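Asker: Following is a predicted model, sequence given first.
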Amino acid sequence: MNRIVRQFAAGVAVLASVFAFCTAAAWGAAGDPPIRIGSTLALTGPLAATALVHQLTGEIYVEQLNRRGGLLGRPVEWIVKDDQSKPELARTLYEQLITVDKVELLLGPYATGAILSAMGVAQRYNKMLVHHTFGIPNLAKYDAQFPTWSLGPDPATTFPNTLFDALASTSKPPKSIAIVTSKFPSVHFMSLGAREVAKKRGLSEVIFLEWEFGNRDFGPIAARIKDANPDVLWVGAIGLEGNQLLDAMKKIDYAPKFHFYMYPAPGPMVQATEAKNALAATIFEQDPPFTSNPGAAEFVKIFNERAAKAGLPYTGVETQAAASYSAWQVLEAAVTATKSLDDKVLADWLRKNRVDTVQGKLRFDGPNNYGDDLMRVKQVQNGRWVTVWPKAYAAPGAALVLP
Amino acid sequence: MALPSASLLAQSILSGLFIGALYGLLGLGLSLSWGLLRQINLAHFALAFLGAYLCYQLSSVGGMDPLATMLVIVPGFFGIGVALQWVFSRFRISPFNSLLVTFGLTVIIESVIQSLWTADFRRLNSSYGDITFRIGALYVPLPELLTLVLSLVMSLAIWATLRHTDLGRAMRAAAQDGGIATAFGVNQKGLALLLSGVCAALAGVAGVCIALSYTLAPAQIYAWIGVVFAAVMLGGLGRALGPLIAGIVIGVSESITMAITAPSWAPLVSFSLLIVVLLVRPGKV
Amino acid sequence: MTRGFAAILIAGGGLAVIPLAGLPPFYESFLYLVFHWIVLATSWNIFSGYSGYFSFGHGAFFGAGMYTTAYLASRFEVPFLSTLPVAAGVAMLLGGTLGAIVFRVREIRGELFALVTLAFTFVVGTIVLNTPIDGGPGIYLSAVPVPAIGPTGASSFYYMGLVLALGTVLVALVVFHSRLGAGLFAVHDDEDVAEVLGVPTYRYKIAAFSLSCGLAGVAGGIQALFLSYVTAGETFSIIVPLTVVLMCVLGGTRHWAGPVVGAAAITSLLYAFTAGNHPVAGKAVFGAVLIVVILFMPEGLLGRLPKRRMVGAYELGTPTNGAIATGSALPVGHPSPTRELLLDVRGLRKAFRGVQALDGVDIEIRRGEILGLLGPNGSGKSTFINLVSGHFRPDAGKIRFDGRNLAVLEAHAVARSGIARTYQIPRPFAHLTVRENVATAAMFGSANLARAAAVRDAHHWLEFTDLASFANALPDDLNLHQRKFLELARALSSRPRLLLLDEVLSGLTPTEIDGAVDLIRAIRDQGTTIVFVEHVMRAVMALTDRIVVLNHGQVIADGNAAEIMESAEVVSAYLGYSGTYA
């Protein structure tokens, strides 16, 4: 008897949960006048730290947009779902956004893995996908996807050249290079590219090391770098890896000469004393000439305020926030220009036109819809990130500080 | 493969020693509650990170010396551990049920941490982080040294208590056969509360060590589970010195690999070694 | 089993129609995810839940399948569906190999097994990450065409997931009701006893483990295409097995449908909170729900009741002093002991960590006799039984049973040849009912019955030992005397030719002893030869035809009762000195 009760209770529990979820899903089903833009973000899980920036940026943009009268005279509503840092969820949620919530437009999620999943879904339903944090251009094969993180189609070659140009322009150009990298996909291929470029430019490689993403112990790696004593240290790091390596090097009393980190979490790196003069890649910093780009100055001001209010330790606008804001600008530009919400029309327009964003002018007519490589080099100077190269984009009066 | 210099190798071994000590410190509470209370306490990791965040908050914002935060954290967490055990003892929970319950607890604690401190990174910048000692050609940074010392002291203290005091004997008896132990006058419920409090306090101490050496994010809780579980299981459940020794074995084998060859092979070496040891001599550490 | 079968078919039929109902494709993708986790959880449960060997390695086999499909489909352009059997094969081979090595080591059980499987996961993950299988960048599958099984892409995955889920649950159901399943459940409760009872534990564990891994491999293969971008990252970690463990524990590990319920519940719950405005708070609620459910339903949502009392047993005033239902015993004549040799032990030696338990023992046991095996504590009697029954291997010596040397056989083969034993401290299978305990022995012992026949046969033995009214009770509900008789019933149901009784009378009252003696005589009268280790002298006198006395691992006397009692050596062995008493 009790067993039947149990099984019944079990069945009810399962049905209740499915129902709960269906109702939650159905909330989005009604929607007429507002234009709904849907995306997912990693609001929980390991990627949540950076996704916060995108959430904030989106909220700010939508507010500004609605104050301007919205899109095509209609208010804009942004529907964000939590993909919990899991690509399988991102994929399914995008399908929900398209087929159940029936959003008009899509915006990309955070990070390469989720974007790839979303891209597949967008392709299947012929929706355009504007995204802001895709790190591996040669994987972006859908013709209606538009990247606003302007790496250019071949960043593994173009960016290292930019960096090495910057270093070569100093009074003490480096001769030896150490390349250490995480095996995380979006940094690994960049580091391999850097290896090639370094070889072509005649830098001698004194050591090449790879570690698995999630490595906790950087002591031996730091010790080997110290032993090799390179003129420039290229660290294919993402997130906190750069800080962990710097910490380990500090603990064995080694300060590298030129040191570069691919995609460090900006806050921790700028706040660490041992990160003095660290170099990194950027598409935007809170200084002229970037702040003269359309929308930039106002965005910076609002973002700083709102980030501080939200309790974020780092309140500056840099690559992530800028790419995100650019994505919204791209969407708005396309819709406004074509006066249409049809994905095909919008995609066609974007392929033929340029959009002014906080990063600069973006174009999408290159391989895989990538345009120019807009990546610059920034450096930690006196507790701030300062753009230092190319000279045209350097902050006023700033230059690459030598080690 | 490059043959490393002696000092490189020594420094790497030291590095492995330090991280192994942290595995051991994190694993100590887990091992004790698994072996002596028959609870697989996943929430141990969440508690450790809660302790780390509290240490961060009290030092960065409150201005306390990070080590002094232990004066607040240790008794506080002891209380939390006692309270949790008090609630759980009302129910009959098998070890694998406890895994589920503590997983739920972990998720709750993670949510609390995320809502209080956001998902963004937090780093405790203390003066301890800047101090490094030199012993010959070797560098011994202070936070890591503190972790090693704390880990050793805690493990030895608990080992001695379990081995040589009546309290310890009573605990081991209660773990082996609660009914009989009670018949012999052992206050099993009281001991369980005490042990749970101690385990939670250990989590707090581990948290302070984490805060001193690492940047914090809520999802980091899960990054440690795999390797610490391995250390706990390798060291033998309920053995006070087990997690420390096993953790050091894992840490050092990985760091030696990283010194000699491509660092990405490190887990292969440490865990293959582990499997071989288990197959050849399952009598453990 | 037919009920379960029907339930699965009906559910499957219902689910198969859903894509045709015209719902938004998202529901199909969501249900695909539910099916995916059902497969992972159910496949894990087939081995780990049933046998109690909790594996933390499911991620390794899931990942192996995923990478097999990804690699073959993208690098060699093998059609996707053809990669799936290969994925299953690779995962199965990997699991089978690991099992073949690890299960040979007796001490690797419980958490050590969990550790080995976890370590294995990290090893496989590192190999994948560092070799051209992945090497770092991951594998991209968007160029691989999705097979057009359903009207849309989403429904194709839906159907693939549904078919795999149905298949996996069916496998779980079939195993649950099969000999393999019965063996696994016995292993769960007491592996050593199961082995000695005749369960081929090594083979069964490898079979179930390989099956479990293979199914996980296929799930991985399908998932590879679903994600269309495969990276080593989270796959080879503790997260997948941990999630799967949680799902099974929530749903109930002892039931074939437990993982289905658990997987569906947890996937749905997690999902339910992603759409809300407060995902962080939602996660906390999710955690709270898990806690509450398991605290109040410790056996899982579908768990068995821990105690099922047969109310009738106490009401009917069943005599508990072991009166025999002589009517139900097989009527046979009273065979007198023959001179024919049944068991011939020569030069048996066994040492344990320096203690020589048996030191060159020669014993002959004739067909149809009751041989008493006596000796002071520590003389080697239990060791003798352990060696003959196959529990341990001897260091030296031969044990010839009907011409075959048992010393080289595996324990379960020893049981199959017709030897059964009881344990001095009863070791019943705690989670199986009394009837199931007995049926297990009938299935795997020399009787070697099919499962259905074994269950029927068990009833006969329960009546013989007067436990019939307890058939559906758990061993915990029985008192010591009843548990000893359960030991007897279990030993008998395998229809042994040689029965080894290890102090079966210890702890019984005088009345109970009388009843037991009658029972033992009745057993011998059926044609079973008995070796009877005992300290209760009057029982020994009443029952035995011959007595062998051991002391310090050696035979010191061998003859009938009267001869033994007068042997000075025997007296001094027991009492410590020879000569007259003052």
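Answerer: Right, received. Where do you want to start? Numbering: from 1, shown residues only, chains lettered A, B, ... in the order given.

Asker: Report the spatially nearest residue to whatever residue of chain A ends up closest to chain B, omitting neighbours in sequence.
Answerer: Residue nearest to chain B within chain A: A:Gly219 (2.4 Å; C-beta to the nearest C-beta). No exception for glycine: its C-beta is placed from N, CA and C like everyone else's. Nearest residue to A:Gly219, sequence neighbours excluded (C-beta to C-beta, 6 or more residues apart in numbering or on different chains): B:Ser15, at 2.4 Å.

Asker: List the contacts of that neighbour.
Answerer: Counting by C-beta atoms under 8 Å, 6 or more residues apart in numbering or on different chains, B:Ser15 makes contact with A:217, A:219-220, A:223, A:248, B:251, B:255.

Asker: possible to save those residues as CSV with distance to B:Gly62?
Answerer: Formatted as CSV, these follow (distance: C-beta to C-beta, whole Å):
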residue, distance to B:Gly62
A:Asp217, 31
A:Gly219, 31
A:Pro220, 36
A:Ala223, 36
A:Ala248, 28
B:Gly251, 32
B:Ser255, 35
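
Asker: Can you flag the buried ones in the residues you listed?
Answerer: Among these, the ones that count as buried by 16 or more other C-beta atoms under 10 Å in any protein chain shown are A:217, A:219-220, A:223, A:248, B:251, B:255.

Asker: The residue of chain A closest to chain B contacts A:Ala248, doesn't it?
Answerer: Yes - with contact defined as C-beta atoms under 8 Å, A:Gly219 counts as touching A:Ala248 (5.2 Å).

Asker: In contact with C:His565, which residues?
Answerer: Careful, residue C:565 is Met and not His. C:Met565 neighbours (C-beta under 8 Å, 6+ apart): none.

Asker: what about it, helix or strand, and which?
Answerer: Secondary structure from DSSP states H and E places C:Met565 in helix C:561-566.

Asker: C:Leu500 now?
Answerer: C:Leu500 belongs to strand C:498-502, assigned by DSSP H and E.

Asker: Also C:Phe61?
Answerer: With DSSP H and E as the criterion, C:Phe61 is inside helix C:58-75.

Asker: helices or strands next to that helix in the packing?
Answerer: Packing partners of helix C:58-75 (3 or more C-beta pairs under 8 Å, 6 or more residues apart in numbering or on different chains; DSSP states H and E): helix C:25-44, helix C:80-102, helix C:110-130, strand C:139-140, helix C:201-227, strand C:229-230, helix C:239-251.

Asker: would A:Thr315 count as being in a strand?
Answerer: No - judged by DSSP: H, G, I helix; E, B strand; the rest coil, A:Thr315 forms no part of a strand; its state is coil.

Asker: Would you mind measuring from it to A:Phe284?
Answerer: Going from A:Thr315 to A:Phe284 by C-beta to C-beta, to the nearest Å gives 15 Å.

Asker: Please apply the same query to A:Glu59.
Answerer: Taking C-beta to C-beta, one finds A:Glu59 at 19 Å from A:Phe284.

Asker: Any chance you could list what contacts the strand holding C:Leu500?
Answerer: So strand C:498-502 is contacted by C:342-343, C:365, C:381-382, C:385, C:388-389, C:401, C:418-424, C:488, C:491-492, C:520, C:523, C:528-534 (C-beta under 8 Å, 6+ apart).

Asker: Looking at these, which are in strands?
Answerer: Using DSSP state E, the subset of the contacts of strand C:498-502 located in strands is C:342-343, C:365, C:401, C:419-421, C:529-533.

Asker: give me the subset of the residues you listed touching chain A.
Answerer: When C-beta under 8 Å from any C-beta of the partner chain is applied, no member of the ones in strands among the contacts of strand C:498-502 is adjacent to chain A.

Asker: what's the residue closest to the geometric middle of chain A?
Answerer: Closest residue to the average C-alpha location of chain A: A:Thr133 at 3.4 Å, with C-alpha atoms, centre = their mean.

Asker: Over to it. Which of the three states is it?
Answerer: Going by three-state DSSP, the secondary structure assigned to A:Thr133 is coil.

Asker: which residues of chain B fall in helices?
Answerer: Using DSSP state H, the helices of chain B run over residues B:6-36, B:43-56, B:69-88, B:95-117, B:142-164, B:166-176, B:178-183, B:188-213, B:225-235, B:242-260, B:266-280.

Asker: An error on my part: the question was meant for the stretch 301-450 of chain C.
Answerer: For the stretch 301-450 of chain C, applying DSSP state H, counting those that start in this stretch gives helices covering C:311-315, C:381-389, C:411-417, C:434-444.

Asker: Please identify the deepest-packed of these.
Answerer: helix C:434-444 (a mean of 28; mean count of other C-beta atoms under 10 Å in any protein chain shown).

Asker: Packing partners of it?
Answerer: So helix C:434-444, by 3+ C-beta pairs under 8 Å, 6+ apart, packs with helix C:179-189, helix C:191-197, helix C:411-417, helix C:451-464, helix C:480-493.

Asker: need the ones you listed in CSV with distance to C:Leu501 and mean pLDDT, can you?
Answerer: Shown next, in CSV, are those (distance: least, C-beta to C-beta, whole Å; pLDDT from 0 to 100):
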stretch, distance to C:Leu501, mean pLDDT
helix C:179-189, 21, 94
helix C:191-197, 14, 92
helix C:411-417, 15, 90
helix C:451-464, 15, 88
helix C:480-493, 8, 90
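
Asker: Can you tell me which of these is nearest to chain B?
Answerer: For the helices and strands packed on helix C:434-444, the distance to chain B is smallest for helix C:179-189, at 12.4 Å, taking C-beta to the nearest C-beta.

Asker: per-residue confidence at C:Phe236?
Answerer: We note a pLDDT of 89 for C:Phe236 in this prediction.

Asker: ok, it - how many residues close by?
Answerer: Using other C-beta atoms under 10 Å in any protein chain shown, C:Phe236 has 29 neighbouring residues.

Asker: Repeat that for B:Ser60.
Answerer: Residues contacting B:Ser60 under the criterion other C-beta under 10 Å number 17.

Asker: can you tell me how far it sits from B:Leu54?
Answerer: Taken as C-beta to C-beta, the span from B:Ser60 to B:Leu54 is 11 Å.

Asker: C:Gly52: neighbouring residues, count only.
Answerer: Count around C:Gly52 with other C-beta under 10 Å applied: 21.

Asker: was I right about it contacting C:Ala194?
Answerer: No - look at C:Gly52 against C:Ala194 with C-beta under 8 Å: they stay out of range, at 10.9 Å.

Asker: Now do the shared contacts for those two.
Answerer: Any residue near both C:Gly52 and C:Ala194 by C-beta under 8 Å, 6+ apart counts here, and that gives C:Val187.

Asker: where does chain A dip in pLDDT?
Answerer: Within chain A, the set of residues satisfying pLDDT under 70 comprises A:1-32.

Asker: Run through the bridge partners of the nearest residue to C:Ile363 once chain neighbours are set aside.
Answerer: Spatial nearest neighbour of C:Ile363, chain neighbours left out: C:Val345 (4.5 Å); criterion: C-beta to C-beta, 6+ apart. Beta-bridge pairing for C:Val345 (DSSP bridges): C:Ile363, C:Ile399.

Asker: For C:Val345, grab the count of nearby residues.
Answerer: Counted with other C-beta under 10 Å, C:Val345 comes out at 23.

Asker: Perfect, that will be all.
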